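In: here you go, sequence then predicted model.
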Amino acid sequence: MEPVKAMLRSLCKKVAVDRLRSEHGFRSQTGLNMLFLGNPGTGKTSMARIVARVLRRLGVLGKGHLVEVSRRDLVAEYSGQSAVR
């Protein structure tokens, strides 16, 4: 559990630094896109929901929304085709 807590503390610090950078006219260095990978039942969705709540409370996300997708949502049937929306 400690690595998870450390990641959340690091995320909060990054958001604070990005906020200070924007206040002084600098652009944010990186985005906050994340992937939660692992075997079934390892808490990926729970962790993603916690991160979304933290980002909402920090004011990064307007609604605290979370988009859950699977490979099927992102990959089409054959090469060159777009996935069904």
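Out: Received it, and whenever you're ready, just let me know what you need.
In: helix or strand with the lowest mean pLDDT in the protein?
Out: Sorting the helices and strands of the chain by mean pLDDT, DSSP states H and E puts helix 71-74 at the bottom, at a mean of 76.
In: export that one to CSV, keeping only CA atoms.
Out: These are the backbone C-alpha positions of helix 71-74, laid out as CSV (Å, rounded to 0.1, in the frame of the first residue of the first chain):
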residue,chain,number,x,y,z
ARG,A,71,-9.1,-3.3,-25.3
ARG,A,72,-12.4,-3.9,-27.2
ASP,A,73,-13.3,-0.2,-26.9
LEU,A,74,-10.0,0.9,-28.4
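In: where do the helices sit along the chain?
Out: Along the chain, the stretches classed as helices by DSSP state H are 2-23, 44-57, 71-74.
In: which one of the ones you listed is the most hemmed in?
Out: Compared across the helices of the chain, helix 44-57 shows the largest average neighbour count, a mean of 15 (mean count of other C-beta atoms under 10 Å). Every C-beta, even on glycine, is put in place using the N, C-alpha and C of the backbone.
In: got the contact list for that helix?
Out: 4, 8, 11-12, 15, 32, 34, 36-38, 61-66, 68 (C-beta atoms under 8 Å, 6 or more residues apart in numbering).
In: now do 10 Å
Out: By C-beta atoms under 10 Å, 6 or more residues apart in numbering, the surrounding residues in contact with helix 44-57 are 4, 7-8, 11-12, 15, 32, 34-38, 43, 60-68.
In: specify the angle between it and helix 2-23 in degrees.
Out: Orientation of helix 44-57 against helix 2-23 (axes from the mean of the first three to the mean of the last three C-alpha atoms, to 10 degrees) gives an angle of 30 degrees.
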